[in-house]
Each structure stands twice: as structure tokens, then as C-alpha cells.
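S.K.: sequence isn't available, so here's the structure alone:
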């Protein structure tokens, strides 16, 4: 067909067409060879329900993989061990562009090297490809040299998200609506690419505080932020400090299930060191795993998770089961830290608050006023005359407000406590 103005970039069909076209180019680059070879001693085991395992077939997967090209849509790159080896694929690319009626945009193109041992000028159809040490690919800022810098792209995204969170406080519709907007719109873009990008912990905590204030309110009292995020809300969706570890660990789990170049790369990094790399997506994901107290039982795919009886198996557990276990681990770790920080109020809790039971109880309240009062009971006021009494041990909470009276049961905690004051919360 003859190329014209094409279709709009926002059209869903555009990504399909461009990937069909670029797949042809990537296959031509791969067929030239001379790519970057990744060698491993072992690989994650095949899933137990795979056809080869069921039929008793031996594992014939290669222990080496050559990566000659990477990319998606128009973010595509030929990969070579040496800059001088790029001449042949670039000459082919120039001819391919001419045959398909395309031209190169040098200002949006680049070349990069993992080291500066053999710098050389890179030309494509007479245009110089500028060398860069950091660039944006698929919306994520990547660095070709070891660094812990957050980068300009992520810095700007977090700054914009904080501005939007302040505006969210003015949204009509109550707590639930604000929560949905924050989780599906603001944080989805504000920390997009956190799986591959570095994020400064101070900036992440500041964003986390802004998110909680936007949902809960700066002046509305609460015993602890962890109670809101682990008991009343899905913290892995609305808390940046919980969402980023969740995203990184789930990226690791997804890569384990996909027998592609990423799996080989992670395995090679795992085999090359006894501790997580200081930088890079793999190092960041493994740091999150160890920060939660996980212990490796076999490679980077089988883990013993604190507070859980069954091991977490990236290879054989379903994605739904993995998501559930990771979320529980995040809640458990946050509640354990809360218990250590405030032992007088939370000693003995052991991360045992049953969030699902609390959520089910809250469903019985229908109006925003009722829900607000119920949340305040769980997170703010103390019950009964004893100041040190732990709210999470109370088997029954009676909520009383002027003009209406509602009783409900909130279950949680690892042990039973005394009954609340007969007159309700004070």
C-alpha cells in the first residue's frame, strides 16, 4: 500500500501497524547476528502444568541467548558488542527506511554505550546519532551508566502528582471517589515506570504523605498512617510507598513466567553476585524483596515470606495468588514496623489485622457520613476509659452519632480484648 498521512497516534490500531512494520526490521537485524550474548548456568524451572513437564520431556532450553535488537513500536534499537559492529545493521536500516517511505529524525534518535572504552561516531543515512548517557524509552528514563539518580522525568512526574493531589482534596463525592481518582489517574501517571526507574526515598515518602492527606485530610486525626493504608484502604494502589515495591516485585514475577530475554538477563545478574546490584531494575526489585524480609529458597523465583506458611513460587503460583501474597506481605511488613514504632498501642498485633473482615463490615454502611464515622472509630478515637487499650483487639464496635445509631462488628487482631464502653466510643 502507499503511505499517506497514516492514522492518528492515539488510535489503538496505530500501535499494531507500527509493530507489524518494526517486527520485519527487528528480524532483519537479528538475522545479521553479532548481538549481545547472555549466558546462564540455570533457568527458572518450567511450570508444573506445562506440556513438557506433564509429558516427562527433558528441559532442552538453551543456556545462552543472543540479543541483537530490542524495542516496541518506534522505540527500537539494534544491540551490538562493539560500536563498529553497528555499521552493517545501520546500512540495512537506511535501505529499509527508503523502501518503506520513511525518513530518520536525528533529533529524536540516539546512540548509547554501556561503557566508554571504545567511543565512535554513529551514522545513519549520513545523519549523526547523538551519544547519550540517559534517554527516555516508552516513557521511562534509562541510564547507560551506574547511577542512583532519580532523573528529570521521574522528578517532574512526582512534582506534578503532588500538585494534583492537593487539588484532589476539593473534589466532591467523598472519600471513595478521591481514592479512585488518586489510584487510577494520579499515581498511575505520577510513578509510571517505577519498575525500571530509580526513585529517591525522600521524594517517595513526601508523595506518600501527600496521597494520604488528599484522601484522609490533613486535620482529620488518626492513630497511624499504616492503619489507614493496611486496614481501611488497598495500600498497594493508593500509597506510593507501597505501590512502588508492589510494582517492582510483580515485574520480577511476570518476568519469571515469560521465557524471553528479560528472564535470561535477570538470571545472569542473579548468578553474577551474592547480593543485589546497587542499581538497575533487577537490583531495585531484589532490594524490595529483601526489605520485606523474604528468604530465597531457590533462585530468585521461590521465596519464604514472613507471616505466610506456604512459599511464594513465581513459576507455579497463579498471578492472582502471587498478587495476593505480595499485598499481604506489604501489609504485614508495615504493621510490624508500626508495632515496633508504637509498642504501647500496638504490641502483640503481629501484623494480624484482618483487612478483608474490616472491609466487609464497612460495606454495611451506606452513606458517606456513616462511613466517615466508622473509619474514624477504627483509625482515630480511643475506646473506653483505658488509654492504652488496643482498638484492634475489640470484638465489637458500636458507632453512635446524633440522629442515628448503627451497630456493626469489626473483626481483627490475633487475640480478644475487653468489651467497649456501653456508651460507645469516646
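M.R.: Nice, thanks for sending it over. Everything numeric in this text was worked out from a predicted model, so none of it was measured. Residues are numbered from 1 along each chain as shown.

S.K.: wait, isn't residue 150 in contact with residue 201?
M.R.: No. Counting by Cβ atoms under 8 Å, residue 150 stays clear of residue 201, with 9.8 Å between them. From N, CA and C alone the C-beta is placed, and that goes for glycine too.

S.K.: quick check, central residue of the protein?
M.R.: Nearest residue to the geometric centre of the chain (Cα atoms, centre = their mean): residue 247, 1.2 Å.

S.K.: surely that one is in a helix?
M.R.: Yes. With DSSP: H, G, I helix; E, B strand; the rest coil as the criterion, residue 247 is located in a helix.

S.K.: wait, doesn't it sit right on residue 195?
M.R.: Yes. Under the criterion of Cβ under 8 Å, residue 247 makes contact with residue 195 at 5.3 Å.

S.K.: neighbour count winner among residue 150 and residue 201?
M.R.: Between residue 150 and residue 201, residue 150 has the larger neighbour count (other Cβ atoms under 10 Å), namely 19 against 10.

S.K.: what about residue 90, which helix or strand?
M.R.: Using DSSP states H and E, residue 90 falls within helix 87-99.

S.K.: which parts of that helix are buried?
M.R.: 89, 90, 92, 93, 94, 96 (16 or more other Cβ atoms under 10 Å).

S.K.: stretch 78-89 too?
M.R.: 78, 79, 80, 83, 86, 89.

S.K.: where does the chain dip in pLDDT?
M.R.: Scanning the chain for pLDDT under 70 picks out the ranges 1-9, 115-119, 218-223, 348-426.

S.K.: can you rerun that using 50?
M.R.: Applying pLDDT under 50 to the chain flags residues 381-426.

S.K.: strands of that one, start to end?
M.R.: Secondary structure of the chain (DSSP state E): strands at 36-39, 64-67, 69-72, 75-78, 123-124, 127-128, 134-137, 140-143, 295-298, 302-304, 312-313, 397-401, 404-408.

S.K.: against residue 134, how distant is residue 62?
M.R.: 33 Å (Cβ to Cβ, to the nearest Å).

S.K.: repeat for residue 328
M.R.: From residue 328 to residue 134 the distance is 36 Å (Cβ to Cβ).

S.K.: wait, isn't residue 211 in contact with residue 242?
M.R.: No. Using Cβ under 8 Å, residue 211 is not in contact with residue 242; the gap is 10.1 Å.

S.K.: check contacts around the closest residue to residue 293 other than its chain neighbours.
M.R.: Nearest residue to residue 293, sequence neighbours excluded (Cβ to Cβ, 6 or more residues apart in numbering): residue 306, at 4.5 Å. By Cβ atoms under 8 Å, 6 or more residues apart in numbering, the contact set of residue 306 is 292, 293, 294, 329, 332, 333, 336.

S.K.: just the buried ones among those residues, please.
M.R.: With burial judged by 16+ other Cβ under 10 Å, the buried subset of the contacts of residue 306 is 292, 294, 329, 332, 333, 336.

S.K.: and those as CSV, adding distance to residue 286?
M.R.: Output for the buried ones among the contacts of residue 306, formatted as CSV (distance: Cβ to Cβ, whole Å):
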residue, distance to residue 286
292, 11
294, 9
329, 15
332, 19
333, 16
336, 20
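
S.K.: from residue 199, how far out is the closest residue to residue 245 other than its chain neighbours?
M.R.: Excluding the flanking residues, the one nearest residue 245 by Cβ to Cβ, 6+ apart is residue 288, at 4.1 Å. Per Cβ to Cβ, residue 288 is found 11 Å from residue 199.

S.K.: overlap in contacts of those two?
M.R.: residue 244.

S.K.: just to revisit the earlier point, looking at the strands of the chain, which is nearest to residue 28?
M.R.: For the strands of the chain, proximity to residue 28 was assessed by Cβ to Cβ; strand 69-72 is nearest, at 8.9 Å.

S.K.: hang on, the earlier thing: which one's more surrounded, residue 62 and residue 134?
M.R.: Set residue 62 next to residue 134 and count neighbours by other Cβ under 10 Å: residue 134 wins out with 16 against 10.

S.K.: wait, isn't the more buried one in contact with residue 141?
M.R.: Yes. Using Cβ under 8 Å, residue 134 is in contact with residue 141, at 6.0 Å.

S.K.: list the residues that contact both of the two?
M.R.: Counting by Cβ under 8 Å, 6+ apart, the common neighbours of residue 134 and residue 141 are residue 151.

S.K.: quick one: which of residue 211 and residue 242 has more around it?
M.R.: Using other Cβ under 10 Å, the more surrounded residue of residue 211 and residue 242 is residue 211, with 28 against 23.

S.K.: next up, the contacts around the nearest residue to residue 28 once chain neighbours are set aside.
M.R.: Of all residues not flanking residue 28 in the chain, residue 92 sits nearest, at 6.0 Å (Cβ to Cβ, 6+ apart). Neighbouring residues of residue 92 by Cβ under 8 Å, 6+ apart: 28, 29, 32.

S.K.: of those, closest to residue 267?
M.R.: Distance to residue 267 across the contacts of residue 92 (Cβ to Cβ) is lowest for residue 29, with 23.9 Å.

S.K.: hmm, the closest one is touching residue 91, no?
M.R.: No. Residue 29 lies out of contact with residue 91 (Cβ under 8 Å); the separation is 11.5 Å.

S.K.: looking at the protein, which helix is longest?
M.R.: If you go by DSSP state H, the chain has its longest helix at helix 319-341.

S.K.: name the residues of that helix that are buried.
M.R.: Neighbour-count burial for helix 319-341 [16+ other Cβ under 10 Å]: 322-323, 325-336, 338-339.

S.K.: which one is residue 284 nearest to, not counting chain neighbours?
M.R.: For residue 284, the spatially nearest residue (Cβ to Cβ, 6+ apart) is residue 248, at 5.8 Å.

S.K.: should've said residue 15
M.R.: Leaving aside its chain neighbours, residue 15 sits nearest to residue 73 (5.6 Å; criterion: Cβ to Cβ, 6+ apart).
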